[in-house]
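**Q** Here is a sequence together with a model predicted from it:
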Amino acid sequence: MAGRVPDDKIDEVRNRADIVQVVSRSVTLRRAGRGFTGLCPFHGEKTPSFHVSPERQTFHCFGCGEGGNVFTFLMKIDGATFPEVIERLAREHGIALPRRAPTEGEQKARSEREQLLRVTAAARAFFCERLASNPRARAYLAERGVSEETIARFGIGYAEDAWSALADHLQRAGTPLPLADKAGLLIARRESGYYDRFRHRIIFPIEDLKGNTLAFGARVLPDAKTTGEDAKYLNSPETPLYDKGRVLFGLAQARDAIRREGRAVLVEGYFDAVLLAQAGIENVVAPCGTALTSDHVRLLRRFTRDVVALFDSDEAGRRATERAMHVFIEEEVQGLGASLPEGMDPDDFVRREGADALRERIARAVPLIEAWVAGRTEGVRSFAERARRAEEIGAVLRKVHSPIERDLYTRLAADRLGVDERLMRGAVGGAQTAAPAPVGASAAEHETAAQDPAIEKLGRAEESLLAQVLREPALLEDPGVTEVLGAFTSPHAREVARLAVEAGSAEAAVLIDRAEDPLVASLVSRLASLEPPLDARGALEIFRAGAWQLERMRLERESRALSREMSEHQRSGDVPADLQRRKADLTRELGKYKGMDATHVPPGSRG
């Protein structure tokens with residue numbers, strides 16, 4: 001589908017697609033009160049914590065935090081894009097979506113892609129057929145412990161020990177050889193003609209999430225007559241189909257297991273991936289002969305926020321793990337590391353020690369940042385070296401998005417280096433926020449919120465008011481309600497309030513579509529899934545009571561902070577007059593709350 005779908009059509013598709021019916025295709029749901037519950041499809045659990053609200057057309061798991069509407073459910077469960085989900089649901093419900101005619105360039109690109117996919121599919125079938133008829137290649141796979149079932153599951157094949165076996169086969173089938181060259185399968189000779197890129201190698205098809213073959217990875221057989229220039233592993237070059245920095249080997253087979261386990265296991269090689277999957281550790285993927293990229297992690301982030309790096313235990317593996325750590329930090333994914341004995345890779349370990357032993361090591365995986373900080377602070381003796389390491393660690397920690405994690409790692413580094421914690425915080429300085437700042441929010445406000453426990457209490461009160469608005473969207477019509485929402489201070493609650501006020505709608509499913517930050521969308525789905533309190537009062541009256549309590553909490557916090565500031569000044573014998581005036585004003589304002597209940601104070605008013 002070309003072009004952006006208009007908002008009114010998105011709304012129509014969302015309103016027609018019943019989330020209970022859609023989710024029921026993947027989850028067994030049972031009625032529970034006004035909604036439905038079931039076992040979460042995004043992480044393993046035995047007690048249902050997954051809730052679906054037919055009234056608000058949302059879902060939320062109180063176990064893993066995944067939530068959203070009918071669109072985000074299908075995007076997460078199928079690894080599909082938003083346009084793909086919209087088009088599928090529109091087709092199912094007989095909704096015609098506006099289409100613009102593709103440009104000549106788009107038509108050409110689409111046609112070329114279809115042709116290239118036919119060529120790679122034909123090559124894959126040829127490689128599989130060649131493996132079936134080659135005893136030496138099959139014997140090698142058997143020596144490596146690869147079963148017939150695994151060969152079929154991953155489509156493993158064999159490229160003949162000949163210069164033009166594939167080229168001749170494709171030519172006989174009528175495939176233009178320049179097209180096969182463009183697919184990365186052949187190489188043009190200097191004079192004329194083409195020869196095979198892969199020869200006498202075990203072939204691993206590299207697929208997209210739909211199962212289309214994009215490219216191939218290849219491992220030379222041990223008895224091959226090679227020169228020093230011949231690499232053990234050879235991969236397809238980048239083509240119009242294939243960008244190695246955006247594709248992960250094995251993800252098409254692993255995605256359901258990743259959801260089930262709640263984490264992905266990242267290995268370096270093709271054999272590592274297939275043999276771990278064969279051993280029952282199915283949530284395993286591998287980059288295709290390249291270092292881990294941000295695009296790789298964003299791809300994994302569709303299915304999980306936890307990734308265990310299980311790289312080789314040699315120096316190259318340790319360097320790859322450290323590089324991966326920086327990518328995980330950048331993409332806000334929990335990167336963990338599992339260690340293996342020196343000189344062993346995952347393939348060796350699972351064959352020698354067994355799957356259970358490897359599962360145990362994966363279960364004991366530690367955060368990569370924690371291990372890195374421990375490593376960088378190990379054996380540091382001189383003061384100068386401590387200072388250098390503190391600056392180095394600080395430069396990494398300031399990139400950590402979560403203020404809580406950043407605080408804990410800062411304390412760890414200070415303790416291990418024997419550095420004053422305040423100085424270590426200075427080295428970390430300039431820390432990023434936990435999420436992109438909503439309009440009107442500064443980094444300083446985010447940092448203050450993370451360090452002041454009273455803010456958490458205020459945040460819960462703001463979320464309670466939001467939940468009331470999500471239950472009763474008509475509350476947005478009251479100017480006092482929008483005034484209260486506009487004064488929120490908790491970053492994510494403030495962003496939800498802003499989206500609702502700007503859209504003029506507090507429909508949860510609509511807000512989820514508008515939220516750019518997944519944490520904001522998750523907050524909406526969580527609040528929308530809460531059961532309403534048993535309260536006989538009207539919606540506006542309940543909201544007013546909550547707003548009254550919130551305002552009092554804010555004034556009390558501000559008064560406490562001001563008292564602390566005045567105490568600091570009193571030590572030097574001089575309290576500024578403006579602080580004294582502000583303290584007197586706050587005392588008067590708080591005095592108004594004595595003997596008063598919420599019905600006397602309109603939302604948003606201080607008096």
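**A** Now that the structure is in, tell me what you want to look at.

**Q** Now do the SS call for the closest residue to Ala159 other than its chain neighbours.
**A** Nearest residue to Ala159, sequence neighbours excluded (Cβ to Cβ, 6 or more residues apart in numbering): Phe198, at 3.8 Å. Placement of C-beta: from N, CA and C, glycine included. The three-state label given to Phe198 by DSSP: H, G, I helix; E, B strand; the rest coil is coil.

**Q** so what's the backbone phi/psi at Phe198?
**A** phi -100, psi 130 (degrees, to the nearest 10).

**Q** ok, it - how many residues close by?
**A** Close neighbours of Phe198, defined as other Cβ atoms under 10 Å, add up to 26.

**Q** wait, isn't it in contact with Ser164?
**A** No: counting by Cβ atoms under 8 Å, Phe198 stays clear of Ser164, with 11.7 Å between them.

**Q** coming back round to it: can you pull the contacts of the residue nearest to Ala159?
**A** 159, 166, 185, 216, 218, 234 (Cβ atoms under 8 Å, 6 or more residues apart in numbering).

**Q** And the lowest mean pLDDT element among the helices and strands of the chain?
**A** helix 443-451 (a mean of 42; mean pLDDT, DSSP states H and E).

**Q** Using CSV, write down the CA coordinates of whichever helix or strand comes after it.
**A** For helix 443-451, the following helix or strand on the C-terminal side (DSSP states H and E) is helix 453-471. The C-alpha coordinates for helix 453-471 follow below in CSV (Å, rounded to 0.1, in the frame of the first residue of the first chain):
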residue,chain,number,x,y,z
PRO,A,453,10.9,10.2,46.3
ALA,A,454,7.9,12.6,46.8
ILE,A,455,7.7,12.9,43.0
GLU,A,456,6.7,9.2,42.8
LYS,A,457,3.8,9.8,45.1
LEU,A,458,2.7,12.8,43.0
GLY,A,459,3.1,10.7,39.9
ARG,A,460,0.8,8.0,41.3
ALA,A,461,-1.8,10.7,42.1
GLU,A,462,-1.6,12.1,38.6
GLU,A,463,-2.0,8.6,37.1
SER,A,464,-5.1,8.1,39.2
LEU,A,465,-6.6,11.2,37.7
LEU,A,466,-5.7,10.1,34.2
ALA,A,467,-7.3,6.7,34.8
GLN,A,468,-10.5,8.5,35.8
VAL,A,469,-10.4,10.6,32.5
LEU,A,470,-9.8,7.4,30.5
ARG,A,471,-12.8,5.8,32.1
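
**Q** on that earlier part again, what about the contacts of Phe198, which are in helices?
**A** Cross-referencing the contacts of Phe198 against helices under DSSP state H gives Leu166.

**Q** which pair in the contacts of Phe198 spans the largest distance?
**A** Spatial extent of these (Cβ to Cβ) is set by the pair Leu166 and Leu234 at 13.8 Å.

**Q** between those two, which one's more packed in?
**A** Leu166 (26 against 19).

**Q** from what I can see that one touches Arg201, true?
**A** No: with contact defined as Cβ under 8 Å, Leu166 does not reach Arg201; the gap is 11.4 Å.

**Q** Can you work out which residues contact both of those two?
**A** Ala159.

**Q** So which residues of the stretch 301-450 of the chain form strands?
**A** 306-309, 334-337, 366-367 (DSSP state E, counting those that start in this stretch).

**Q** Of all the ones you listed, which one comes closest to Gly486?
**A** strand 334-337 (34.0 Å).

**Q** same for the helix or strand where Arg544 lies, what does it pack against?
**A** Per DSSP H and E: Arg544 is located in helix 539-571. Counting contacts by 3 or more Cβ pairs under 8 Å, 6 or more residues apart in numbering; DSSP states H and E, helix 539-571 packs against helix 453-471, helix 479-486, helix 577-591.

**Q** Mind putting those into CSV with distance to Leu540, mean pLDDT and mean neighbour count?
**A** What follows is those, written out as CSV (distance: least, Cβ to Cβ, whole Å; pLDDT from 0 to 100; neighbours: other Cβ atoms under 10 Å):
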stretch, distance to Leu540, mean pLDDT, mean neighbour count
helix 453-471, 9, 81, 19
helix 479-486, 8, 88, 19
helix 577-591, 24, 77, 12
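
**Q** follow-up on the earlier one: got the contacts of Phe198 as a markdown table, with pLDDT and distance to Gly65 columns?
**A** Compiled in a markdown table, those are given as follows (pLDDT from 0 to 100; distance: Cβ to Cβ, whole Å):
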| residue | pLDDT | distance to Gly65 |
| --- | --- | --- |
| Ala159 | 96 | 45 |
| Leu166 | 97 | 48 |
| Leu185 | 97 | 44 |
| Phe216 | 97 | 38 |
| Ala218 | 96 | 40 |
| Leu234 | 93 | 42 |
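
**Q** where does the chain dip in pLDDT?
**A** By pLDDT under 70, the low-scoring segments of the chain are 1-4, 100-101, 224-230, 430-455, 534-536, 593-607.

**Q** Having no further points to raise, I will conclude here.
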